[in-house]
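Asker: after the sequence you'll find the predicted model.
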Amino acid sequence: MFAYADPVRMLGVAAEVARTEFAVVDLETTGFSPARGDRIVEIGVVRMRGTGEVLREWTTLLDPGRSVGASHVHRITAADVVGAPRFGQIAGELAGLLAGAVVVAHNASFEQRFLEAEFVAAGLAPPTLPALCTMRLAKASGLPLADHKLGTCCAHFGLTFPDAHAALADARVTARLLPLLLADLGTRSLGLPVPPARAPETLPASALKPRRGFAPAR
């Protein structure tokens, strides 16, 4: 699903960072393994330009069709997801939001596994999307970090991180981190192995349910 861009070598399609749109994604899940039946319980997306300008925010809780899992981590309860959509109900809108952009996530392989599984479970083919992983960028930068967790990377650059494990909050701080990491690497153009995906022909309206206190900015 994710075809990873290269911040150093020009692979395939060259994309100037300042003119490229990015869709920063974060997920909260019921556990760690979609292969064992874990599901997405919240999605947050920040659509932005490479300059750091935020174009749109989008978030919703999801009904996972099972226990919400570790509420002590993500602070989502069974009551919170009552009336929330299932993934299949928002898949088209999400695909449209990711279209035309390079998808970004911290530890992106985690998001990739869950998104692939959810698209397949909904009877849909997962789109092929150019992607960047900010954890990989942090490792490539050689920054003096104790580890490459999102909070550690943010602390290095002086970014506040008050609402960890809320999908939109994590996506917002990752969106702020991305330009700093690319600048540290001296990256002005990306090599994209595949071009940004086209939007689906039809984008059905979705009945979203954002987490309380995390309404997206339009």
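Answerer: Yes, it's here. Worth saying up front: this structure is predicted, and the values here are computed from it rather than measured.

Asker: tell me where this protein has strands.
Answerer: Across the chain, reading from the start of the chain, the strands by DSSP state E fall at 2-4, 13-16, 21-29, 40-49, 54-61, 102-105, 129-133, 189-192.

Asker: note down every partner strand of the lowest-mean-pLDDT helix or strand in the chain and its orientation.
Answerer: Lowest mean confidence among the helices and strands of the chain (mean pLDDT, DSSP states H and E): strand 13-16, at a mean of 80. For strand 13-16, the paired strands and their directions (DSSP bridges) are strand 189-192 (antiparallel).

Asker: re earlier: His72: which of the strands of the chain is closest?
Answerer: In this view, these are compared for proximity to His72 by CB to CB, and strand 21-29 is the closest at 12.4 Å. Every C-beta, even on glycine, is put in place using the N, C-alpha and C of the backbone.

Asker: which other helices and strands contact the closest one?
Answerer: The contact analysis (3 or more CB pairs under 8 Å, 6 or more residues apart in numbering; DSSP states H and E) places strand 21-29 against strand 40-49, helix 87-98, strand 102-105, helix 108-121, helix 167-184.

Asker: just the CA trace of that strand, in CSV.
Answerer: Coordinates of the C-alpha atoms in strand 21-29 are reproduced here as CSV (Å, rounded to 0.1, in the frame of the first residue of the first chain):
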residue,chain,number,x,y,z
GLU,A,21,1.1,18.1,-0.6
PHE,A,22,1.4,15.7,2.3
ALA,A,23,-1.3,13.8,4.2
VAL,A,24,-0.1,13.1,7.7
VAL,A,25,-1.9,10.1,9.2
ASP,A,26,-2.1,8.7,12.7
LEU,A,27,-4.2,5.8,14.0
GLU,A,28,-5.3,4.6,17.4
THR,A,29,-6.0,0.9,17.4
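
Asker: report the mean confidence score over it.
Answerer: Along strand 21-29, the predicted local confidence has a mean pLDDT of 98.

Asker: compute the inter-axis angle for that strand and strand 40-49.
Answerer: Strand 21-29 and strand 40-49 are oriented at 160 degrees to each other (axes from the mean of the first three to the mean of the last three CA atoms, to 10 degrees).

Asker: how far away from the center of its chain is strand 21-29?
Answerer: Relative to its parent chain, strand 21-29 has a centroid offset of 1 Å by CA atoms, centre = their mean, to the nearest Å.

Asker: then stretch 176-193 to CSV, C-alphas only?
Answerer: What follows is the C-alpha trace of stretch 176-193 in CSV, where atoms were taken according to Å, rounded to 0.1, in the frame of the first residue of the first chain:
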residue,chain,number,x,y,z
ARG,A,176,5.0,20.1,12.5
LEU,A,177,7.9,17.6,12.8
LEU,A,178,8.1,16.7,9.1
PRO,A,179,9.4,20.0,7.7
LEU,A,180,12.0,20.2,10.5
LEU,A,181,13.3,16.7,9.6
LEU,A,182,13.4,17.4,5.9
ALA,A,183,15.3,20.7,6.5
ASP,A,184,17.7,18.9,8.8
LEU,A,185,18.4,16.4,6.0
GLY,A,186,18.7,19.2,3.5
THR,A,187,15.9,17.7,1.4
ARG,A,188,14.4,20.0,-1.2
SER,A,189,13.1,17.3,-3.5
LEU,A,190,11.8,13.8,-3.0
GLY,A,191,12.1,10.8,-5.2
LEU,A,192,8.6,9.2,-5.4
PRO,A,193,8.5,5.6,-6.6
